[in-house]
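Student: compute the structure for the input listed below.
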Amino acid sequence: MLETFSKLMEYCTYCPRLCQSACPVAMTEGNESFSPWGLMQTLNQLRKGEIPLDSELAALSYKCLTCKACTTQCEHGNEIPPVLHEVRKEAVARELAPPEISGFLNKFHKHNNPFSKDLLQKLKNILPSKYFDMNPQTIYYPSCTTIAKCPEVVHDTFELFEKLKIDFVGVYPEAIQCCGYPLISGGMEYDFIDLAEVNFHALKKYKTIVSGSPACVYTLRETYKKYDFGLPGKVVTINEFLEPYLHNINYRLKKSMRTKLMYHDPCYLSRYLNEVSLPRELIAHVSGYQPMEFFDHGECTHCSGQGGCYSITSKEASDEIARRRLEEVVEKKVQTLVTQCPSCVHKFRKNSERLVVKDLISYLNDSIEGVKE
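Tutor: Numbering: from 1, shown residues only. Coordinates of the predicted model:
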């Protein structure tokens, strides 16, 4: 099961724990066994047959946000999430995973999304029917979390399209409005494969798939390929798609939006997709100045606490990670936080009463009045 990662695990086991200070889980829970070093040391024992895979060890494999903050600190570039994925996958297969994971899977199967809701119907309540009746070559893939927790982002995206005279993008019209990231993240590989296959056949006819969810973009673009479901069309972030329009079209800006804000780098956007500069460029383009930065930003960003199914198995600690991240915003007396990940937006809103948390697309839409005639 783990022999493929033997070299990686040996490096981690004998490393002087250089990545420990980068791990939000270890710093929040205060348990060294939850650090990347601690996890790899334990799993290396599992690999060698010195300890068995039981429910306690299975639970340990979920003490990770899969944020890859540790990888940025590692001289060897070791990636921990693939190792944990193997253990989670085996734990699910043997019915050793934490009970929260089993409950999550049962909930997921009701409507093929983590929220057990008819998200397509909710999407139809947000957008006019014309976006569903098109026969487009380019479609917008909202993400299940965006529809369920940040529906205004869907509205703002298409309102921004209209302002920029982008009239050829339709919305993804299928019943399944989830890429499957929550399944593969939780080790539910067989369920992920089933869902990915259905999505693949529905998505393969489009030339371009645009999404404002970094996790969706990575899953559709990279993870699907690993399971022989590589999509023939381009899968791009909403920033990549909008950049030429925002730089080449003459539009009016609202002066009232030029206010102090901070930008939070989502893990999947900054570390998995390597998109760090572009969001800042877009903010500066419409505001006239660069956003204020967290001490840990860019590729060294700290996670919001919502990733890797950690918020399912360790809810309180997950919320504490978000609150710690927000402390810096309060200290700098900033009222507006901009990010670009529906999970981050939801997490920060949930853990802050006074802070205005906006998705980047909502911020851009609020800043732009329309194209100059």
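Student: contact partners for Thr336?
Tutor: By C-beta atoms under 8 Å, 6 or more residues apart in numbering, the contact list for Thr336 reads Thr259, Lys260, Leu261, Met262, Leu355, Val356, Val357, Lys358. Glycine gets a C-beta too; all of them are placed from N, C-alpha and C.
Student: out of those, which are inside strands?
Tutor: When strands are assigned by DSSP state E, the members of those inside them are Leu261, Met262, Val356, Val357, Lys358.
Student: among the contacts of Thr336, which ones are buried?
Tutor: Using 16 or more other C-beta atoms under 10 Å as the burial test, these include Leu261, Met262, Leu355, Val357, Lys358 as buried.
Student: what about Pro128, neighbour count?
Tutor: 10 (other C-beta atoms under 10 Å).
Student: shouldn't it be within a strand?
Tutor: No: Pro128 is assigned coil when assessed by DSSP: H, G, I helix; E, B strand; the rest coil, not a strand.
Student: please renumber the chain so that the first residue is 537 from this point on.
Tutor: Yep, numbering from 537; the last one is Pro664 now.
Student: just the pLDDT for it.
Tutor: Looking at Pro664, its pLDDT is 95.
Student: phi and psi next, for it.
Tutor: When read as degrees, to the nearest 10, the backbone of Pro664 gives phi -60, psi 160.
Student: what distance do you get for it to Gln713?
Tutor: 17 Å (C-beta to C-beta, to the nearest Å).
Student: same question, Asn786
Tutor: From Asn786 over to Gln713 (counting by C-beta to C-beta), the distance is 35 Å.
Student: of those two, which one has the most company?
Tutor: With neighbours defined as other C-beta under 10 Å, Asn786 and Gln713 compare such that Gln713 has more, 28 against 7.
Student: could you check how far that one is from His647?
Tutor: In terms of C-beta to C-beta, Gln713 sits 9 Å off from His647.
Student: between the two, what contacts are shared?
Tutor: By C-beta under 8 Å, 6+ apart, Gln713 and His647 have these common neighbours: Leu655.
Student: the closest residue to Val892 other than its chain neighbours bridge partners, please.
Tutor: Nearest residue to Val892, sequence neighbours excluded (C-beta to C-beta, 6 or more residues apart in numbering): Thr872, at 4.6 Å. Here Thr872 sits in beta bridges with Leu797, Val892, going by DSSP bridges.
Student: for the residue positioned nearest the centre of the chain, pull up the helix or strand it's in.
Tutor: Centroid-nearest residue in the chain: Ala751, 3.7 Å away (criterion: C-alpha atoms, centre = their mean). Here Ala751, judged by DSSP states H and E, is contained in helix 750-754.
Student: what about Lys660, how many residues nearby?
Tutor: Around Lys660 there are 15 residues (other C-beta under 10 Å).
Student: contacting residues around it?
Tutor: Counted by C-beta under 8 Å, 6+ apart, Lys660 has contacts Phe668.
Student: any idea how far the helix or strand where it lies is from the chain center?
Tutor: Per DSSP H and E: Lys660 is located in helix 655-662. Chain-centre distance of helix 655-662: 21 Å, with C-alpha atoms, centre = their mean, to the nearest Å.
Student: and it, C-alpha only, in CSV?
Tutor: Output in CSV follows, covering the C-alpha atoms of helix 655-662 (Å, rounded to 0.1, in the frame of the first residue of the first chain):
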residue,chain,number,x,y,z
LEU,A,655,-28.2,22.1,-6.2
LEU,A,656,-29.3,22.3,-9.9
GLN,A,657,-32.7,23.6,-8.8
LYS,A,658,-31.1,26.1,-6.5
LEU,A,659,-28.9,27.2,-9.4
LYS,A,660,-32.0,27.6,-11.6
ASN,A,661,-33.4,29.9,-8.8
ILE,A,662,-30.2,32.1,-9.0
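Student: what's in contact with the next helix or strand after it?
Tutor: The helix or strand immediately downstream of helix 655-662 is helix 666-669, counting by DSSP H and E. For helix 666-669, the external contacting residues (C-beta under 8 Å, 6+ apart) are Lys660, Phe694, Val705, Gly706, Val707, Pro709.
Student: if you rank those residues by neighbours, which is first?
Tutor: Top of the contacts of helix 666-669 by neighbour count (other C-beta under 10 Å): Val707, with 23 neighbours.
Student: who does that one form a beta bridge with?
Tutor: Under the criterion used (DSSP bridges), Val707 bridges to Tyr676.
Student: next one: it from Gly769, what distance?
Tutor: 16 Å.
Student: same check, this time on Ile857
Tutor: Relative to Gly769, and taking C-beta to C-beta, Ile857 is found at 35 Å.
Student: with neighbour numbers in mind, choose between these two.
Tutor: Ile857 (27 against 16).
Student: so who does Thr549 touch?
Tutor: Thr549 is in contact with Trp573, Met576, Gln577, Asn580, counting by C-beta under 8 Å, 6+ apart.
Student: tell me the one of those nearest Asn642?
Tutor: Nearest to Asn642 among those is Met576, at 31.2 Å by C-beta to C-beta.
Student: could you find the closest non-adjacent residue to that closest one?
Tutor: In space, Met576 is closest to Cys548, 3.4 Å off (C-beta to C-beta, 6+ apart).
Student: what ranges do the strands span in the stretch 737-886 of the chain?
Tutor: 744-747, 770-773, 787-789, 797-799, 828-829, 872-875 (DSSP state E, counting those that start in this stretch).
Student: now do the third one: distance to the chain's middle.
Tutor: Using C-alpha atoms, centre = their mean, the distance from the centre of strand 787-789 to the centre of the chain it belongs to is 30 Å.
Student: what is it packed up against?
Tutor: The helices and strands touching strand 787-789, judged by 3 or more C-beta pairs under 8 Å, 6 or more residues apart in numbering; DSSP states H and E, are strand 904-907.
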